[in-house]
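> Just to be clear, the model below is a prediction. Sequence and coordinates:
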Amino acid sequence: MSTFVIGDLHGHYHEFASILLDAGLVDKDLNWTGGNHALWLMGDFFDRGPDGVSCVDLTMRLQEQARSTGGEVNSVIGNHDISLLSAYLLPDKMTDGPYGTFLEDWQRSGNPEDLERLTSRHVEWLTSLPAIALVDEYLLVHADAVLYLEYGSSIDEVNQRFRDIVYGDDPHEWDHFLEVFSGHRYFWESLEQAADFLDRYGGKRIIHGHTPISKMVDIDPEFIWKPLIYNNGMCINMDGGIYMGSPGFYYLLPPIEE
């Protein structure tokens, strides 16, 4: 079984479909053809793009189809997914920041049609997504940010703490959660910080999205078609910046040599 990874989609459904076709994971009708292979997404289905709900609908459908052939489709949750959930679940609650309510905060980059089309079924699926996943010695997290360290010392603890917050209604917890989830470049700043992160949660490589590659290196997003591998191969950034013009891409996880 092989594992494919796709980065932040930000509502770009047609690009998502094209990447899946390029990877050979779906047919022309966008039905699963990946057999017993695995597909992991890096979160941020929503915001800055036209159709996040369709991206989620397709992922949910492929998840069901993959199960029937021994495959797997899954995702870690992204900060923009959490932001949309805050607008849906706590729309009129006030935030601690200058923008007003959670709904008003989300509207700065959110697509109103996504909020209108969001259903309890989508919400249930999104809130069930893990914050961290360990896949074949690769540690998958959405953000290259320090927040995970704040919420637990193991994968299980962090995932449970994320769920506690999104199932709760404490606006101060949500507000702080969104604030720390917006951090960037924690692993880029120091190889030692990346190594310590792996020591805490396990695995030998970190895969993340969240920070567009063009904001880390001087490359026009239009020409970003593969991940940025840095820190001597320890870290892999999957966010091509699809909302900035990248065509998007998939990455087939290679075996990690001992």
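Thanks, I have it. Residues are numbered from 1 along each chain as shown.
> Would you report the backbone torsion angles of the closest residue in space to residue 95 that isn't next to it in sequence?
Spatially, and ignoring its direct neighbours in sequence, residue 95 is nearest to residue 175 (4.8 Å; C-beta to C-beta, 6 or more residues apart in numbering). The way it works is simple: take the backbone N, C-alpha and C, and place the C-beta from them, glycine included. With angles defined as degrees, to the nearest 10, residue 175 sits at phi -60, psi -50.
> Model confidence for residue 175, exactly?
Listed pLDDT for residue 175 reads 95.
> and it, how many neighbours does it have?
Using other C-beta atoms under 10 Å, the number of residues around residue 175 comes to 18.
> my read: it touches residue 90, true?
No. Counting by C-beta atoms under 8 Å, residue 175 stays clear of residue 90, with 9.5 Å between them.
> shared neighbours of those two, which are they?
residue 102 (C-beta atoms under 8 Å, 6 or more residues apart in numbering).
> what number of residues lie near the closest residue to residue 30 other than its chain neighbours?
Nearest residue to residue 30, sequence neighbours excluded (C-beta to C-beta, 6+ apart): residue 17, at 5.8 Å. When counting by other C-beta under 10 Å, one arrives at 16 neighbours for residue 17.
> Check residue 207 too.
A count of nearby residues for residue 207, using other C-beta under 10 Å, gives 25.
> isn't there a strand covering it?
Yes. Residue 207 forms part of a strand when assessed by DSSP: H, G, I helix; E, B strand; the rest coil.
> Quick check: beta-bridge partners of it?
Beta bridges link residue 207 to residue 140, residue 236, judged by DSSP bridges.
> and residue 13, what is it in contact with?
50, 51, 54, 55, 58.
> one step back: from residue 75, how far out is the residue nearest to residue 95?
When C-beta to C-beta, to the nearest Å is the yardstick, residue 175 and residue 75 sit 24 Å from each other.
> Next: residue 119.
Using C-beta to C-beta, residue 119 is found at 18 Å from residue 75.
> can you map out the helices along the stretch 1-150 of the chain?
For the stretch 1-150 of the chain, helices defined by DSSP state H, counting those that start in this stretch occupy the ranges 13-23, 52-67, 79-89, 102-106, 112-117, 120-127, 147-150.
> Deepest-packed of these, please.
helix 79-89 (a mean of 23; mean count of other C-beta atoms under 10 Å).
> Show residues contacting that one.
By C-beta under 8 Å, 6+ apart, helix 79-89 touches 10, 43-48, 52, 102-103, 105-107, 109-110, 114-115, 118, 123, 126-127, 129, 142-143, 166, 169, 174, 177-178, 181-182, 210.
> now swap in stretch 162-179 and tell me
Residues outside stretch 162-179 that contact it (C-beta under 8 Å, 6+ apart): 77, 79, 82-83, 85-86, 89-90, 93-97, 102, 105, 127-128, 130-131, 147, 151.
> let's see it at 6 Å
Stretch 162-179 has contacts (C-beta atoms under 6 Å, 6 or more residues apart in numbering) with 85, 86, 93, 95, 96, 127, 131.
> Check pLDDT for these and point me to the minimum.
Within these, residue 96 has the lowest pLDDT, namely 84.
> could you pull out the strands for the stretch 101-250 of the chain?
For the stretch 101-250 of the chain, strands defined by DSSP state E, counting those that start in this stretch occupy the ranges 132-135, 138-141, 205-208, 228-230, 235-237, 250-252.
> Reformat those into TSV and put mean pLDDT and distance to residue 159 next to each item.
Formatted as TSV, the strands of the stretch 101-250 of the chain follow (pLDDT from 0 to 100; distance: least, C-beta to C-beta, whole Å):
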stretch	mean pLDDT	distance to residue 159
strand 132-135	98	6
strand 138-141	98	11
strand 205-208	98	16
strand 228-230	98	26
strand 235-237	98	21
strand 250-252	98	23
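> can you redo those strands as a markdown table with distance to residue 161?
Output for the strands of the stretch 101-250 of the chain, formatted as a markdown table (distance: least, C-beta to C-beta, whole Å):
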| stretch | distance to residue 161 |
| --- | --- |
| strand 132-135 | 11 |
| strand 138-141 | 14 |
| strand 205-208 | 19 |
| strand 228-230 | 28 |
| strand 235-237 | 23 |
| strand 250-252 | 28 |
